Every structure is written in C-alpha cells, then in structure tokens.
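Chemist: return a 3D structure for these sequence lines:
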Amino acid sequence: MFEFKSISIFVIIILNSIFAISCVQNESVKTPAIEKISEYSILNNKPILKIESQGHISSILNLALNEKKQIFATSSSDKTIRIWDLNREHLIQTIRLPIGKSNIGRMQGIAISPDGNTLAAGGSSLVDEKVDTSTSLNQSVYIIKLSSGKVFRRLQGIPGLIYSIKYSDKGNYLAVGYYATPIANYGTGQSGVRIFKSDSYNVLKDIPIDYQRLYPSLDFNSNGNLIIAGRDGYLRLYDNQFQLIKKMKMIYYGKINPISSVEFSSDSSKIAIRSLNYSSVDIRSGTNLDFVSRIGYVWGGLNGIAWSKDSNFINIGIAHIDRIGKLGMTTANWNITYSVKPKFTIDKYSTQYNKSEKKIFIKRSDVGNDTITQIASLEDGRILFCTKEPSIGYVSKNWNNRLIMPRPFLTGLSGYHRSLRVSNDGMEIELTSRTGTIRFSIKDQ
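Modeler: Model prediction:
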C-alpha cells in the first residue's frame, strides 16, 4: 500500500511523462504590431503542459472531411486539432497551435483543401472575447501542411473571432466567417466573411455584415456560388464572383428566425437551412432561394445536418426530449424541464415535397446519450458524427453505429478537482474529481 500526502494542484507538472508539451514558438508566429497589447494577446514561449490521451478530452467543435485522401479533421475545446484515417479508423496526427489563457487557441473553424494537402484553422488566436481590447480585431487563420503538421502561413488581420472556414469545391478560394462581440469599445461591431485566393492567400473580397454575434455559417456549391447565413436571420446568396444574387430574411410565425447552419446539396440544386430557435430544416432552391419543402421535428432539437451524396435525402442529428411542461404549439416557445438527458439519433428524411406530409421519415440510428455536434455524409453511405462528450463514430450503411473514438476515461477530469495526491516515492498519483477517483502509475505509464 502506498501512503499518499495531499499537495497543491499545481504539482500536476510531475505528470510530464504522460503529458505533451504545447509550446508557442515566437520565431515562427509573431505577434502583429498593434496599438494596444493586453496580457491575453502576448504569446510567450513558456511550455504549457497538456494531457495527451490519443484522443480529444473535451467537446468536439467542428468536423472537416476530405474523402479524396480518406481523412477527416476534428477541432476541440481541448485546443487540439486531430487528423483521422477514415479507412483504418484511427488517429493519424495531432496538431497543436499556439494556445493561452481562457479560449485562446480554441479553433472553432477548420477546413481541408479539396486536394487534401492543406488544413485551414481559426478561432480565438490572440485574445479572450471578454477582454476589452482592440487586439481581438486581429485574429488569425493558420494554414497547415498536412504532410508535416506544420504551419506555413498565418493570415492575420481578421476583424473578429473566427467561427467558420470553407474552401471552394475547386480549391481556388478560402472563405472565413467571423463575428464581433458586444463589448465596450470593440471596433466596428461588424461580423462578416473574408474571401482569400488560395494560391497566394491574398484578400480578394470582404463582405461586412452589420450584426455583432452573427456566428456565420457558409458553404460553397460546385459552381463556386457562396451562401452565407447567421443569427440575424438573413440568407445571402452570391455568385462565383462574389456578387450578391439574392438576400432574404427567414420568417417563422411572423418573426425573423436566426439561422444555425446552411449547406448546399451535392448537386447544388438545393440548400438546407437549419433553424436555431425551431426544430425544423427548410429546403430552398440553390439558385434563387425559393421554398421547396420543410422538415419539422416537434419534440426535440436539431444538432447537425448533412445531405446524402445523391441529394435526395438529408440526414439530421436530433435530440429527443423527455419533456415535462407545456409547449406553445403556435409559437414553438418551449417551457420544458428535463427529467433525463435527451436521447440522440441520426434520422434520414426525404427532401421531396409532399403536401400530405410535412416530413417524410425514412430511417433512424440511435446514437445514445452523447450530444451530437457535427455530422457528415460519406460517399460509401456512412454518416460520420462527433459529440460534445466527446466521441467520434459513424452510422454504417445498414444503419448501425460504430465508434472510432469512444468517450475517453479522462473526460470528467477537467474542473471541479477535489484533491490531488502523490505517493511518497512519487511514482503514483491519485486524482479525485466530480466523476470519481483515478490513479496514475508513472512507472507503468
């Protein structure tokens, strides 16, 4: 038996044999010259110790797919980007970008180029959004060579926190969606989209949107047309020269409806629009935004959409709510308390309009209690999904699900630590958190 003694949480550094060092290198990433510098914006070269568990240990934020190279990427609140092999279903590499306090280093937007050689990533790269400083007007997108995992370009001067990134289908453009935050003295308060040429990464066009917390969603179709939507409730459709074709507002029950995400169908003929406040997906024309159909799910929330490759079906991640309370059926304002955690499924719907049915349900796969954050359809019929807990998996062609990355045992160790104890010989560490007690062996790793 080992005799343990209680010590400060800061001695966790002795776990360095199982930790990976995420270190910011000032030679390769320079802080831009700006008028006002806060302690949050200075990236120093001190190593920051992080647990390396060969998988994410915090909520998965985004998913980027490239089937040509049979790879996909995931970004997480644990401030890592991980590249996975679709065929072998295992981790290929972990990319660690400069990180700092609070949200600094959390990459909300990621995209893989169509040739599969390059990854673009952006999020909160310099400051915490709660800090009153003009430095948040100078966020960065990192351009990374996937062959080496190294940053080879840094696109600076993005005037807001980065939320979404997309390469055009031919790979000649990169669109970066950003948003402003309503804090004192924060620049223009505009959100927007910045378009770069992918060959030089020079700025081609800025599309400013006079709305603060826009959280812009964007997508390209095969012709290079661009759709932009967000919390202001407007759809904006642009041609392949980024000239506005049509702008329209989404109205639900007489009110402007904030939009959570948009996605072109594979054949570019349709656009799926996921509502933020209502459990519904609108299908509209990809050329003029005319209404096609609506898929509504009454008792639940929608957590991700993905078109089938033939563009005839749409897959939707759904939270099924065990409800207690009343639902306002006309306004869809919910007054609900949860008796249990919602169950999550991925459902397949037909997008062919049928006046006798508002939704045409096809199939369902039960994902369990893990909160779906993103889904993506694959050419072979599988549906990739990732979750908040976190985990990664897919629904197979016969609609069974399989996990690529199960929920790691370290998931519950972040925050709410009750004690950290080390054995007298320093070879075992015991950590007690809200989810229980785990003991590490330094000798056995």
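
Chemist: partner strands of the helix or strand containing residue 193, parallel or antiparallel?
Modeler: When elements are assigned from DSSP states H and E, residue 193 belongs to strand 191-197. Note on strand 191-197: by DSSP bridges, its sheet partners are strand 173-179 (antiparallel), strand 203-209 (antiparallel).

Chemist: output the ones you listed in CSV, with distance to residue 401 appended to each entry.
Modeler: From N, CA and C alone the C-beta is placed, and that goes for glycine too. Shown next, in CSV, are these (distance: least, Cβ to Cβ, whole Å):
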stretch, distance to residue 401
strand 173-179, 30
strand 203-209, 38
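
Chemist: what's the closest of the ones you listed to residue 149?
Modeler: Ranking these by proximity to residue 149 (Cβ to Cβ) places strand 173-179 first, at 19.1 Å.

Chemist: surely residue 437 touches residue 431?
Modeler: Yes - applying Cβ atoms under 8 Å as the test, residue 437 and residue 431 come out as touching, 7.1 Å apart.

Chemist: what about the two, which has more around it?
Modeler: Looking at residue 437 and residue 431 with other Cβ atoms under 10 Å, you find the greater number of neighbours at residue 431, namely 20 against 11.

Chemist: next SSE after whichever strand or helix holds that one?
Modeler: If you go by DSSP H and E, residue 431 is part of strand 428-433. For strand 428-433, the following helix or strand on the C-terminal side (DSSP H and E) is strand 436-441.

Chemist: just the buried residues of that next one, please?
Modeler: The neighbour-count check on strand 436-441 (16 or more other Cβ atoms under 10 Å) flags residue 440 as buried.

Chemist: geometric centre of the chain: which residue is closest?
Modeler: The chain has residue 62 as the residue nearest its centroid, 2.4 Å off, counting by Cα atoms, centre = their mean.

Chemist: got the phi and psi for that residue?
Modeler: phi -150, psi 160 (degrees, to the nearest 10).

Chemist: which ones are touching it?
Modeler: Residue 62 makes contacts with 74-75, 107-110, 373-374, as judged by Cβ atoms under 8 Å, 6 or more residues apart in numbering.

Chemist: closest to residue 381 among these?
Modeler: Distances from residue 381 to the contacts of residue 62, taken by Cβ to Cβ, are shortest for residue 374, at 18.2 Å.

Chemist: residue 366 reaches residue 320, doesn't it?
Modeler: No - judged on Cβ under 8 Å, residue 366 makes no contact with residue 320 at a distance of 9.4 Å.

Chemist: so for the two, which residue has more residues nearby?
Modeler: residue 320 (16 against 13).

Chemist: that one and residue 261: what is the separation?
Modeler: Per Cβ to Cβ, to the nearest Å, residue 320 is found 20 Å from residue 261.

Chemist: again, but for residue 407
Modeler: Taken as Cβ to Cβ, the span from residue 407 to residue 261 is 24 Å.

Chemist: who has more neighbours out of these two?
Modeler: Counted by other Cβ under 10 Å, residue 407 and residue 261 do not tie: residue 261 has more neighbours, with 22 against 19.

Chemist: partners of the more buried one in the sheet?
Modeler: Residue 261 forms beta bridges with residue 274, as assigned by DSSP bridges.

Chemist: so it sits right up against residue 281, yeah?
Modeler: No - with contact defined as Cβ under 8 Å, residue 261 does not count as touching residue 281 (9.4 Å).

Chemist: overlap in contacts of those two?
Modeler: The contact sets of residue 261 and residue 281 overlap at 273-274, 305 (Cβ under 8 Å, 6+ apart).

Chemist: pLDDT below threshold where in the stretch 1-150 of the chain?
Modeler: For the stretch 1-150 of the chain, the stretches with pLDDT under 70 are 1-51, 126-137.

Chemist: and the strands in it?
Modeler: 4-6, 19-22, 48-51, 60-66, 71-76, 81-85, 90-95, 106-112, 118-124, 139-145, 150-158 (DSSP state E, counting those that start in this stretch).
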